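A.B. asks: predicted coordinates and the sequence they were generated for:
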Amino acid sequence: MSAMSWGGVMATTGGSRSTYRHKARPGTLADAGVDVVVLDRLAEGANTSRAAVVHARTLEVLAELGIAEELILRGIQVPRFTLHDGARTLATIGFDKLPTPYPYTLMTPQVTTEAVLLERLHKAGGRVHRPYVVTRVVNENDGVTVEYTDAAGAPGTIRAEYVIGADGMHSIVREQAGIGFTGDTYPDSFVLADVRMTWPIARDEVALHLSPEGVTVVAPLPDDAEPDRYRVVATVAEAPEHPTAEDIQAILDTRGPGGDVRVREVLWSSRFRVHHRVADHYRVGRVLLVGDAAHVHSPAGGQGMNTGIQDAAALGPLLARVLTGEPQRLLDEYEATRRPVAVEVVAFTDRMTKMATLRPRIARLARNTALSALSRIPAFRTRLAFRLAELTTR
């Protein structure tokens with residue numbers, strides 16, 4: 001739930017409730033009969049694609065909640081990643097032989113993922129209060145006091161047993177809890193766009209293009225009308241606020257595979273700067289962090305939303321056990337298991353980003369030679385596929 005509400009704070013108030021409860025797997029907050037209040041500062045959920053990659057491990061987690069198949073029906077299955085330098089293919093990483101029911105990457109817009117998660121929350125008897133802005137969090141021995149302003153601007157207070165901050169990189173919950181957010185910022189900015197275009201590479205792969213001008217990722221997006229919708233992510237020194245079709249065309253002409261590349265329409269575009277940071281702690285007393293409030297990193301490999309969803313899936317059962325009588329120290333397991341995952345994801349995506357954006361010609365030649373050689377080794381391909389699919393976090 002908290003992973004769905006990107007600008008949100010989730011408070012658990014304990015006790016049973018009379019609202020409808022779905023048949024959740026044992027150990028979930030719904031099974032424990034926990035009252036959950038979700039406050040979201042956004043007036044509505046995502047209406048753009050933003051995070052569009054759902055990896056195998058995340059689908060395994062969502063399957064336990066009974067919603068993986070619904071998401072799969074709305075997405076497009078992509079069984080491989082490819083790395084290119086111009087027209088040359090350096091490596092192909094396949095997911096089709098991974099030991100999982102979901103041997104592929106699922107491409108689906110974040111608006112779809114949020115809608116499926118929100119529907120699941122409603123079935124559990126919960127809802128999201130919007131737009132509620134959390135202004136203060138007081139972490140005490142026997143509970144947490146959350147102060148907020150509601151949709152009308154009126155102040156209010158919630159008293160909760162636990163508070164989960166899922167309120168993004170600029171998390172007020174993390175700041176109020178006094179938790180540091182250690183890391184740095186990449187010098188380049190990123191272009192993010194959904195476009196309709198002619199693209200010479202097959203729609204069953206995510207293509208990562210390396211060039212001295214920067215890294216570019218092109219991935220297919222589901223489209224019922226016409227199979228010409230793609231996500232483009234690219235590093236640029238200074239990105240325009242709203243990249244145009246001409247901007248995207250110029251990037252792909254310079255860095256792409258050549259051939260017939262024609263950007264016909266930009267459906268949505270944005271720019272952003274990327275940080276690589278991890279919270280110093282995931283828990284202080286009765287306050288816990290998940291998702292971007294706990295870790296942010298390069299979009300290389302599409303790990304961000306996936307790691308956040310898996311955070312929430314790991315925390316939920318632990319919190320349910322504590323709320324039904326087990327010792328509070330059980331919650332220490334959450335940071336012990338999930339923070340090392342985030343540290344590794346940040347390091348992995350940082351290595352990918354630096355490798356992909358090498359500019360000196362000699363360094364690029366050495367990189368390309370190494371990638372071509374290593375990709376011929378089955379064990380290397382399998383290991384990298386495991387890492388990208390996040391199956392190493394099981």
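C.D. replies: It's in.
A.B. asks: and the strands in the stretch 151-300 of the chain?
C.D. replies: Assigned by DSSP state E, counting those that start in this stretch, the stretch 151-300 of the chain shows strands spanning 155-160, 162-166, 181-198, 205-209, 216-220, 229-236, 262-279, 283-284, 287-289, 295-296.
A.B. asks: for residue 355, find the nearest of the ones you listed.
C.D. replies: The closest approach between residue 355 and any of the strands of the stretch 151-300 of the chain, judged by CB to CB, belongs to strand 205-209 at 10.4 Å. Glycine gets a C-beta too; all of them are placed from N, C-alpha and C.
A.B. asks: picking that back up, including distance to residue 348, could the strands of the stretch 151-300 of the chain go into TSV?
C.D. replies: Conversion of the strands of the stretch 151-300 of the chain to TSV gives the following (distance: least, CB to CB, whole Å):
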stretch	distance to residue 348
strand 155-160	35
strand 162-166	23
strand 181-198	14
strand 205-209	14
strand 216-220	15
strand 229-236	17
strand 262-279	11
strand 283-284	24
strand 287-289	20
strand 295-296	12
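A.B. asks: let's have those in JSON lines, adding distance to residue 315 and mean pLDDT.
C.D. replies: Compiled in JSON lines, the strands of the stretch 151-300 of the chain are given as follows (distance: least, CB to CB, whole Å; pLDDT from 0 to 100):
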{"stretch": "strand 155-160", "distance to residue 315": "15", "mean pLDDT": "95"}
{"stretch": "strand 162-166", "distance to residue 315": "7", "mean pLDDT": "96"}
{"stretch": "strand 181-198", "distance to residue 315": "19", "mean pLDDT": "93"}
{"stretch": "strand 205-209", "distance to residue 315": "29", "mean pLDDT": "95"}
{"stretch": "strand 216-220", "distance to residue 315": "29", "mean pLDDT": "95"}
{"stretch": "strand 229-236", "distance to residue 315": "29", "mean pLDDT": "94"}
{"stretch": "strand 262-279", "distance to residue 315": "14", "mean pLDDT": "94"}
{"stretch": "strand 283-284", "distance to residue 315": "9", "mean pLDDT": "97"}
{"stretch": "strand 287-289", "distance to residue 315": "6", "mean pLDDT": "98"}
{"stretch": "strand 295-296", "distance to residue 315": "14", "mean pLDDT": "95"}
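A.B. asks: of all those strands, which one is nearest residue 368?
C.D. replies: Checked against CB to CB, the stretch from the strands of the stretch 151-300 of the chain lying closest is strand 205-209, at 12.3 Å.
A.B. asks: count the residues that sit near the residue nearest to residue 270 when sequence neighbours are not counted.
C.D. replies: Counting by CB to CB, 6 or more residues apart in numbering, residue 270 lies nearest to residue 192, which is 4.9 Å off, once chain neighbours are set aside. As a burial measure, residue 192 scores 22 neighbours (other CB atoms under 10 Å).
A.B. asks: right, and residue 192 touches residue 273 too?
C.D. replies: No - using CB atoms under 8 Å, residue 192 makes no contact with residue 273, being 11.5 Å away.
A.B. asks: residue 160 versus residue 251, what's the distance?
C.D. replies: For residue 251, the distance to residue 160 (CB to CB, to the nearest Å) stands at 46 Å.
A.B. asks: more crowded one of these two?
C.D. replies: More neighbours sit around residue 251 than around the other of residue 251 and residue 160, counting by other CB under 10 Å; the figures are 25 against 22.
A.B. asks: can you tell me how far the more buried one sits from residue 105?
C.D. replies: Here the distance between residue 251 and residue 105 works out to 22 Å (CB to CB).
A.B. asks: hey, what's the nearest residue to residue 375 once chain neighbours are set aside bridged with?
C.D. replies: Once its chain neighbours are removed from consideration, residue 375 has its nearest residue in residue 91; the separation is 3.4 Å (CB to CB, 6+ apart). The residues paired with residue 91 through beta bridges, assigned by DSSP bridges, are residue 83.
A.B. asks: can you check residue 206 too?
C.D. replies: Listed beta-bridge partners, residue 206: residue 81 (assigned using DSSP bridges).
A.B. asks: can you pull the contacts of it?
C.D. replies: Contacts here follow CB atoms under 8 Å, 6 or more residues apart in numbering; on that basis residue 206 touches 53, 78, 80-82, 105, 107, 217-220, 302.
A.B. asks: go again with 7 Å.
C.D. replies: Contacts were defined as CB atoms under 7 Å, 6 or more residues apart in numbering; by that measure residue 206 touches 78, 81, 105, 217, 219.
A.B. asks: try residue 346
C.D. replies: The neighbours of residue 346, taking CB under 7 Å, 6+ apart as the test, are 276, 278, 295, 297.
A.B. asks: go again using 6 Å as the cut-off
C.D. replies: With contacts defined as CB atoms under 6 Å, 6 or more residues apart in numbering, residue 346 is in contact with 276, 278, 297.
A.B. asks: repeat that for residue 381.
C.D. replies: Taking CB under 6 Å, 6+ apart as the contact definition, residue 381 lies against residue 93.
A.B. asks: rerun that using 8 Å as the cut-off
C.D. replies: With contact taken as CB under 8 Å, 6+ apart, residue 381 is in contact with 91-94, 375.
A.B. asks: do residue 256 as well
C.D. replies: 209, 216, 218.
A.B. asks: thought residue 149 was touching residue 156?
C.D. replies: Yes - because the distance of 7.3 Å satisfies CB under 8 Å, residue 149 is recorded as touching residue 156.
A.B. asks: just to revisit the earlier point, for the residue nearest to residue 270, what are its contacts?
C.D. replies: With CB under 8 Å, 6+ apart as the criterion, the residues that contact residue 192 are 50, 231-233, 269-272.
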